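Undergrad: Sequence and computational prediction follow.
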Amino acid sequence: MLVLGTSFLSGVFGIAGGMVLMGGLLFLLPVPAAMILHGVTQLAANGWRAVLWWRYIDFRVVARFAAGSAAALALFSFLLIVPDRATVLISLGLVPFMAFALPERYAPHARRRGAAEFAGFVGTGLQFVSGVSGPLLDAFLVRMPVDRRIIVASKSACQVMAHGMKLVYFGVIVTAGGDAVSGWLLLMGAGLAVVGTSLARTVLDRITDRQYRTWTKTIVLGIGAVYLVQGLAILLSPA
């Protein structure tokens, strides 16, 4: 149900569902296993969302994002960083505030030179530390004066790249191919993610661009505040 609900939430807003799912998985699984299961479900959800809205994808932005994403994988493969639960939660909480704190006039435009590559590098790096990067991508995509479907479709395609890199990092490089998560659990998570994403299409068609932007910001900042408090509580609690 957690995967189904969060995939529906992401299907509508293109954001927030991954944050909720990551936070829930952290309290059920070790960090590497949580990252792998989260990566599979989000890869399935974003991949299916990209298929549903493929006509709206800005493929030039996605290709440039992929180049930055590959660079981040190369760097982290050398550093081999595996964050603890408190670090992941604090990062989850800070990401949306960092993204929305950027003033409108300084917000990087995804179609500007170097912006998509930078988003790919930083966004995928955040995937390795917090498990999510959606709020950061919004700083590059949501503020563009384009149809909400272009934003959701392009962001979904970029997220496929980022989550794919996360799976390679935690599923192959960090765990060296170990059975961190049951194959049946991964398959079930991917299936539920596709169902939740499909159910959300009707809602996205009915809401306005203004409603989309307003609710996106409200939801993601509220979730971020909760995770920030939880992470700090774990960090400051006696061992």
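TA: Cool, got the structure. Remember, it's a predicted structure, so these values are computed and weren't measured experimentally. Numbering: from 1, shown residues only.
Undergrad: tell me the mean pLDDT over the longest helix along the chain?
TA: Of all segments of type helix in the chain, defined using DSSP state H, the longest is helix 209-236. Mean pLDDT, computed over helix 209-236, is 79.
Undergrad: in it, what's buried?
TA: Using 16 or more other C-beta atoms under 10 Å as the burial criterion, the residues of helix 209-236 that qualify are 212-213, 216-217, 219-221, 223-224, 227-228, 230-231, 234. For every residue, glycine as well, the C-beta is placed using N, CA and C.
Undergrad: How about stretch 156-173?
TA: 156-167, 169-171.
Undergrad: distance between it and the chain's centre?
TA: Remark: stretch 156-173 is offset 10 Å from the chain centroid, using C-alpha atoms, centre = their mean, to the nearest Å.
Undergrad: which residues sit against it?
TA: 14, 18, 32, 35-36, 38-40, 42-43, 46-47, 49-50, 53, 57, 59, 61-62, 65-66, 69-70, 72-73, 76-77, 80, 119-120, 123-124, 127-128, 131, 133-134, 137, 177, 180 (C-beta atoms under 8 Å, 6 or more residues apart in numbering).
Undergrad: Check which helices and strands the helix or strand that contains A50 is in contact with.
TA: Using DSSP states H and E, A50 sits within helix 31-52. In terms of contacts (3 or more C-beta pairs under 8 Å, 6 or more residues apart in numbering; DSSP states H and E), helix 31-52 is packed against helix 2-13, helix 17-26, helix 148-168, helix 183-206.
Undergrad: Now the weakest link among those, please, by mean pLDDT.
TA: Comparing mean pLDDT across the helices and strands packed on helix 31-52, the weakest is helix 2-13, with a mean of 56.
Undergrad: If anything else comes up later, I'll come back, but that's it for now.
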